[in-house]
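1. sequence unavailable; structure follows:
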């Protein structure tokens, strides 16, 4: 009988793409008042759920832990993850985390993963291929480095056989198959699956699931290592995008073709 899996899925509360994004405060951090679970993280969550369902699901001892780092509102990303099917949630929340860049974020998340592995280390840490706010794709690789684990990035399929993870990475003209020993850190693309939606049963079941809140003190991280003071990068200044100007309208008076070519040539598009 196969050993049960313990999978941690990183989920992020990001500004809703339907609204304009704004920076706020003296540190020019992103305004997250209108935020949702990152769409790309739903693919990571679905990948984890499919892996444990292939092994008998939670009834067989498998667990999917949704881990999110962020302010109080970030708990909503965890709640949706539980509605979709995650077993439990963990919210890393501390005022000192505000303004953390990718490096500081990966440091804090690595400490949280270690903390969650105190009883039994996670077999997999799965992330989306990027967050839809920063879009750096840096955290998965940095997290793997900090944890000392093999990393498999941009996976378009995942399989586990024994203690080996097999993933396929799709290229423009070819596909690459990659293997890694467990435990490992994996980021998945938006081609790996079709994420499920929360149904009524899942929404009701989520109300009974546990969400644990952790602080930096709980995971043994010095506040000076995160936030703006612990970040490698920072936004020094920012200004609003200038309004769009009216385009050039060419009225055809028999020479529209020539005028259009002249315009394109002036823009160095020919």
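-> Sure, I can see it. Everything numeric here is computed off the predicted structure, so don't read it as measured data.

2. quick check: closest non-adjacent residue to residue 191.
-> residue 156 (4.9 Å; Cβ to Cβ, 6 or more residues apart in numbering). C-beta coordinates here come from the backbone N, C-alpha and C atoms, glycine included.

3. need the phi and psi values for that neighbour.
-> Geometry field for residue 156 lists phi and psi as phi -100, psi 0, criterion degrees, to the nearest 10.

4. show me the contacts for it.
-> Neighbouring residues of residue 156 by Cβ atoms under 8 Å, 6 or more residues apart in numbering: 167, 168, 169, 170, 175, 188, 189, 191, 192.

5. and it, how far from residue 45?
-> 16 Å (Cβ to Cβ, to the nearest Å).

6. check residue 193 too.
-> Separation of residue 193 from residue 45 (Cβ to Cβ): 10 Å.

7. who's more crowded, those two?
-> When neighbours are counted by other Cβ atoms under 10 Å, residue 45 comes out ahead of the other of residue 193 and residue 45, with 27 against 19.

8. which parts of the stretch 101-250 of the chain are helices?
-> Assigned by DSSP state H, counting those that start in this stretch, the stretch 101-250 of the chain shows helices spanning 102-116, 139-147, 200-206, 216-219, 227-230.

9. now the fourth one: buried residues?
-> Going by neighbour count (16 or more other Cβ atoms under 10 Å), the buried part of helix 216-219 is 216, 219.

10. chain center to it, what's the gap?
-> In terms of Cα atoms, centre = their mean, to the nearest Å, the gap separating the centre of helix 216-219 from the centre of its chain is 22 Å.

11. what packs against it?
-> With contacts defined as 3 or more Cβ pairs under 8 Å, 6 or more residues apart in numbering; DSSP states H and E, the packing partners of helix 216-219 are helix 102-116.

12. between the helix it packs on and helix 139-147, how many degrees?
-> 60 degrees (axes from the mean of the first three to the mean of the last three Cα atoms, to 10 degrees).

13. now do helix 102-116, average pLDDT.
-> When pLDDT is averaged over helix 102-116, the result is 97.

14. what residues of it count as buried?
-> By neighbour count on 16+ other Cβ under 10 Å, the buried set for helix 102-116 is 102-113, 116.

15. which helices and strands does that helix pack with?
-> The contact analysis (3+ Cβ pairs under 8 Å, 6+ apart) places helix 102-116 against strand 6-10, strand 63-69, strand 88-92, helix 139-147, helix 216-219, helix 227-230.

16. what is the nearest of the buried residues of helix 102-116 to residue 255?
-> Top of the list for closeness to residue 255, among the buried residues of helix 102-116 and by Cβ to Cβ, is residue 102 at 53.3 Å.

17. and that closest one, how far is that from residue 140?
-> For residue 102, the distance to residue 140 - Cβ to Cβ - is 10 Å.

18. ends of stretch 261-270, what's the gap?
-> Stretch 261-270 has an end-to-end distance of 8 Å (criterion: Cα to Cα, to the nearest Å).

19. and the helices of the stretch 101-250 of the chain: which comes nearest residue 8?
-> helix 102-116 (6.0 Å).
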